[in-house]
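*Asks:* turn this into a model:
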Amino acid sequence: MSATDNWMASLLLPDISLDFGIPISQASIILTAYLVSYGVLQPFYGFYNDWYGRKKILLLLFRSRID
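*Replies:* Numbers count the residues shown, from 1 in each chain. Purely as a prediction, here's the structure:
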C-alpha cells in the first residue's frame, strides 16, 4: 500500500500543477515533503506497531480520518 501512495503522488503532479497554476518543478516540492515526512515517521510507526499491534494502530488511524 505505501508504495502505491508514492507512485500515485508522482502521477498526480501534472494535475496538482494545473490546479495551482505552477510548473511541475514547483509542484514536485509537494511530493518531496510527503516522502520526507513519510520516511521520518516510519520508525515511530514501526515502534508503535510492534508495541500495540498493527490492527489497533490501523484502526486508530482509520477512525481519525473519518472524524
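
*Asks:* element containing Pro14, please.
*Replies:* Assigned by DSSP states H and E, Pro14 falls within helix 13-20.

*Asks:* ok, and what's touching that helix?
*Replies:* Around helix 13-20, the neighbours that count as contacts under CB atoms under 8 Å, 6 or more residues apart in numbering are 23-24, 26-28, 30-31. (Each C-beta comes from the backbone N, C-alpha and C, glycine too.)

*Asks:* buried subset of the residues you listed, written for PyMOL?
*Replies:* Of the contacts of helix 13-20, the buried ones can be selected in PyMOL as follows, counting by 16 or more other CB atoms under 10 Å:
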select buried, resi 27+28+30
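
*Asks:* can you list the buried residues in the strand or helix carrying Leu41?
*Replies:* Applying DSSP H and E as the criterion places Leu41 in helix 24-52. For helix 24-52, a neighbour-count test (16+ other CB under 10 Å) marks 27-28, 30 as buried.

*Asks:* hang on, the earlier thing: could I get the contacts of helix 13-20 as a markdown table with pLDDT?
*Replies:* A markdown table is the format used below for the contacts of helix 13-20 (pLDDT from 0 to 100):
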| residue | pLDDT |
| --- | --- |
| Pro23 | 92 |
| Ile24 | 88 |
| Gln26 | 89 |
| Ala27 | 87 |
| Ser28 | 87 |
| Ile30 | 81 |
| Leu31 | 81 |
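
*Asks:* closest one to Leu11 out of the contacts of helix 13-20, please.
*Replies:* Leu31 (10.1 Å; CB to CB).

*Asks:* in contact with the closest residue to that closest one other than its chain neighbours, which residues?
*Replies:* Spatial nearest neighbour of Leu31, chain neighbours left out: Ala9 (5.1 Å); criterion: CB to CB, 6 or more residues apart in numbering. Contacts were defined as CB under 8 Å, 6+ apart; by that measure Ala9 touches 30-31, 34-35.
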